[in-house]
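Trainee: could you look at this predicted model? Sequence included:
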Amino acid sequence: MRRIASETERAGDEDHRRRSVTDRAAESVGRIAVFGHRIDETWAELRRRRVPTHWTNLFGIVTLASLVVVTVTGILLMFFYTPSSEGTVYAGSYAPLHGATVSEAFASTMHVTFDVPGGVVLRQAHHWAALLLPAAITVQLVTTFFTGAFRRPRRAMWVLLLLALIAALASGWSGYALPDDMLSGTGLRIVEGILLGIPVIGTWLASALFGGPFPGRIIENLYPLHIVVFPGALLVLVALRALRAWRQGPPQFPGRGRTPENVVGVTLIPTAAARAGGLFLVVTGLLLLISATVTVSPIWLYGPADPGNAGAGSQPDWYTGFLDGALRLVPPGWEVVWLGRTWTLAILAPLAVVGVFFAVVGAYPFLEEWVTGDRGDRHLLDRPRHAPTRTGLGVAGLVLVSVLWAAGGADVIATAFSVSIEHVISALQVALVVGPFLAFTVARRICFGLQRKDAGLLHHGYETGRIVRLPGGEYVEIHQPLDETERARLAMPDGAPQADRRPVGSAVGSLTHRLRRGLRSYYEGGPIEEPADHEPGDSTPAVDAPVSRR
């Protein structure tokens, strides 16, 4: 027995000696524990984990690619940029500005653009990635909202995503002013006017941000916010959301074989990772291609910032256009005198509208849960038609933001269509009030109509266009029943053809309880009528091959 054990040990030692150095090194690295988990165990979990394949999951990769490009280009630009408002005489390669007194920030930006090899591509890649980043996060928010992916246990992920959008907006705005050109100087003058219009604390806020009379030391104050504070907050929020997503797993749309306990899709390693890596490279390549061929922020045409002048036709970047539009839509003369101070509603009203909008968006998962009483974990997503009230609210919110965004370019609209800017503003003011309510009603009714259509398909099947004559002489159309895959796709997330939409009943109890019951009854929208049997042959399957829906 001892001889057998010795032979086994010798065989094990011999096998260990035969293995390559890289195999032994990989085994040693795999035994290393990181945050209490061995690397080889984590790698095995990555190979076992599955992720669903749906187009809504692609925007996270677009966000990551934009974030990487804007971070890498921003780090490279730090070596050439001088964050100083001190004046200097320009003597660079751009001849029209020779001898002009500019700030060191503007001069260094011009140096990057015209004197550093590849500098203009570097600058424009940073700018284009900064434009794409909030767009990708916004689309993630929209898809998350309309599919109900914000419900338990992912409410914190919704809040983190919204905060990431705000951090991206703040990062973009703080970088918008750093070139110190005429366009950014005009935007900073508007910011100063907004701050000064805030009662009580406005003067202090303006002094703290600008460091004195305009323009003060705004470049020196914005630079650390742009390179440390806001990007750092964005990276932390993205990392926290990724960690939450790893722990909770991905949600998925209902379908055949999909339950709250499983995930149907491809393996994370290597299939999903390879697809994500390919999309990452495509987005990065497109950003660099656009940066090399499409000019953005031509500061040499705007010229250096001048406190006494303003750029004609100046427009903010697209992601802050709704803030500018909110200011333009306020009617003139909105001021009141109270407590010995003048309260300028032209400033307070837009700030209140935008602030309340973001607060409601952030709190919506908790508000919906309070109204519906649904406190269970939801790992299956909704099709937008399955939640008509939520979809209506989402469309109303998009219309609200779209009107504000369009108002930010009201002068461009007036010029392009040769109409009075007063007429454009008046039309947008009406649209701001009426548009969201109209959009909510129309979207909600469309969702109910689509639910009835799906109920008809589940009950009767597809129309085949084949007419047969029954023995009694009656002509009927044969319907093709849905297969199990289609039935699972069209059904409600809980697997039933229609969720329980019966009214909640009479209101009894406290005012809060009655309000909640009323909101719940309206949110659920009433019962969906089952389609009637139109023909006795509706459920008769066709004899030939299944008919295509196209």
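Mentor: Perfect, I can see it now.

Trainee: where along the stretch 451-550 of the chain do the strands fall?
Mentor: 462-469, 475-480 (DSSP state E, counting those that start in this stretch).

Trainee: just name the most buried of these.
Mentor: Among those, ranked by average contacts under mean count of other C-beta atoms under 10 Å, first place goes to strand 475-480 (a mean of 18). Placement of C-beta: from N, CA and C, glycine included.

Trainee: that one vs strand 462-469, what angle?
Mentor: Angle of strand 475-480 versus strand 462-469, following axes from the mean of the first three to the mean of the last three C-alpha atoms, to 10 degrees, is 150 degrees.

Trainee: which elements pack onto strand 475-480?
Mentor: strand 462-469 (3 or more C-beta pairs under 8 Å, 6 or more residues apart in numbering; DSSP states H and E).

Trainee: can you list the strands that the strand it packs on pairs with?
Mentor: According to DSSP bridges, strand 462-469 forms sheet pairs with strand 475-480 (antiparallel).

Trainee: and the partner strand, how far out from the chain's middle?
Mentor: Offset of strand 475-480 from its chain centre (C-alpha atoms, centre = their mean, to the nearest Å): 45 Å.

Trainee: rewinding a little: need the strands of the stretch 451-550 of the chain in JSON lines (columns: mean pLDDT and distance to A65).
Mentor: Shown next, in JSON lines, are these (pLDDT from 0 to 100; distance: least, C-beta to C-beta, whole Å):
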{"stretch": "strand 462-469", "mean pLDDT": "85", "distance to A65": "41"}
{"stretch": "strand 475-480", "mean pLDDT": "84", "distance to A65": "43"}
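
Trainee: of all the ones you listed, which lies closest to A272?
Mentor: strand 462-469 (33.4 Å; C-beta to C-beta).

Trainee: just give me how far the closest one sits from the chain centre.
Mentor: In terms of C-alpha atoms, centre = their mean, the centre of strand 462-469 is found 45 Å from the chain centre.

Trainee: just the strands from this protein, written as ranges.
Mentor: In the chain, the strands defined using DSSP state E lie at 33-34, 37-38, 50-51, 87-89, 101-103, 266-267, 335-338, 341-344, 462-469, 475-480.

Trainee: out of those strands, flag the one nearest G408.
Mentor: Of all these, strand 341-344 sits nearest to G408, with 19.7 Å by C-beta to C-beta.

Trainee: centre-most residue in the protein?
Mentor: Nearest to the geometric centre of the chain sits T138, at 2.1 Å (C-alpha atoms, centre = their mean).

Trainee: follow-up on the earlier one: and the strands of the chain as TSV, adding distance to G456?
Mentor: Formatted as TSV, the strands of the chain follow (distance: least, C-beta to C-beta, whole Å):
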stretch	distance to G456
strand 33-34	55
strand 37-38	51
strand 50-51	34
strand 87-89	73
strand 101-103	67
strand 266-267	34
strand 335-338	56
strand 341-344	56
strand 462-469	10
strand 475-480	10
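
Trainee: A239: which of the ones you listed is closest?
Mentor: strand 33-34 (15.1 Å).

Trainee: quick one: mean pLDDT for that closest one?
Mentor: For strand 33-34, mean pLDDT is 56.

Trainee: stretch 326-333 too?
Mentor: Mean per-residue pLDDT for stretch 326-333: 88.

Trainee: what of stretch 48-60?
Mentor: pLDDT averaged over stretch 48-60 gives 88.

Trainee: please apply the same query to stretch 446-461.
Mentor: Computed over stretch 446-461, the mean pLDDT rounds to 88.

Trainee: what residues sit buried inside it?
Mentor: For stretch 446-461, a neighbour-count test (16 or more other C-beta atoms under 10 Å) marks 446-448, 450-452, 454-461 as buried.

Trainee: stretch 359-378 too?
Mentor: The neighbour-count check on stretch 359-378 (16+ other C-beta under 10 Å) flags 361, 364-365, 368-369, 371-372, 378 as buried.

Trainee: closest to R123 among the residues you listed?
Mentor: Here the nearest of the buried residues of stretch 359-378 to R123, counting by C-beta to C-beta, is V361; it sits at 32.7 Å.

Trainee: can you tell me how far the closest one sits from L470?
Mentor: 56 Å (C-beta to C-beta, to the nearest Å).

Trainee: neighbours around R241, how many?
Mentor: Per other C-beta atoms under 10 Å, the neighbour tally for R241 reads 21.

Trainee: closest to A407 among the buried residues of stretch 446-461?
Mentor: Nearest member of the buried residues of stretch 446-461 to A407, counting by C-beta to C-beta, is I446, at 26.4 Å.

Trainee: how about the strands of the stretch 451-550 of the chain in a markdown table, adding distance to I194?
Mentor: Listed next are those as a markdown table, based on distance: least, C-beta to C-beta, whole Å:
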| stretch | distance to I194 |
| --- | --- |
| strand 462-469 | 57 |
| strand 475-480 | 61 |
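
Trainee: what packs against the longest helix along the chain?
Mentor: For the chain, the helix reaching the highest residue count under DSSP state H is reported as helix 421-460. Here helix 421-460 touches helix 388-407, helix 410-417, helix 484-490, going by 3+ C-beta pairs under 8 Å, 6+ apart.

Trainee: just those: most buried one?
Mentor: helix 388-407 (a mean of 21).

Trainee: send me it as CSV with only the CA atoms.
Mentor: Taking C-alpha atoms only, helix 388-407 is exported to CSV below (Å, rounded to 0.1, in the frame of the first residue of the first chain):
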residue,chain,number,x,y,z
PRO,A,388,-49.9,51.9,-20.7
THR,A,389,-49.8,54.5,-18.0
ARG,A,390,-46.1,54.2,-17.5
THR,A,391,-45.5,54.4,-21.2
GLY,A,392,-47.8,57.4,-21.5
LEU,A,393,-45.8,59.1,-18.7
GLY,A,394,-42.6,58.3,-20.4
VAL,A,395,-43.7,59.7,-23.7
ALA,A,396,-45.1,62.9,-22.0
GLY,A,397,-41.7,63.4,-20.3
LEU,A,398,-39.9,63.0,-23.7
VAL,A,399,-42.2,65.5,-25.3
LEU,A,400,-41.6,68.0,-22.4
VAL,A,401,-37.8,67.7,-22.8
SER,A,402,-38.1,67.9,-26.6
VAL,A,403,-40.1,71.1,-26.4
LEU,A,404,-37.5,72.7,-24.0
TRP,A,405,-34.7,71.5,-26.3
ALA,A,406,-36.4,72.9,-29.4
ALA,A,407,-36.8,76.2,-27.5
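
Trainee: just give the nearest non-adjacent residue to D374, would you?
Mentor: Distances taken as C-beta to C-beta, 6 or more residues apart in numbering put R151 closest to D374, at 7.1 Å, once the chain neighbours are dropped.
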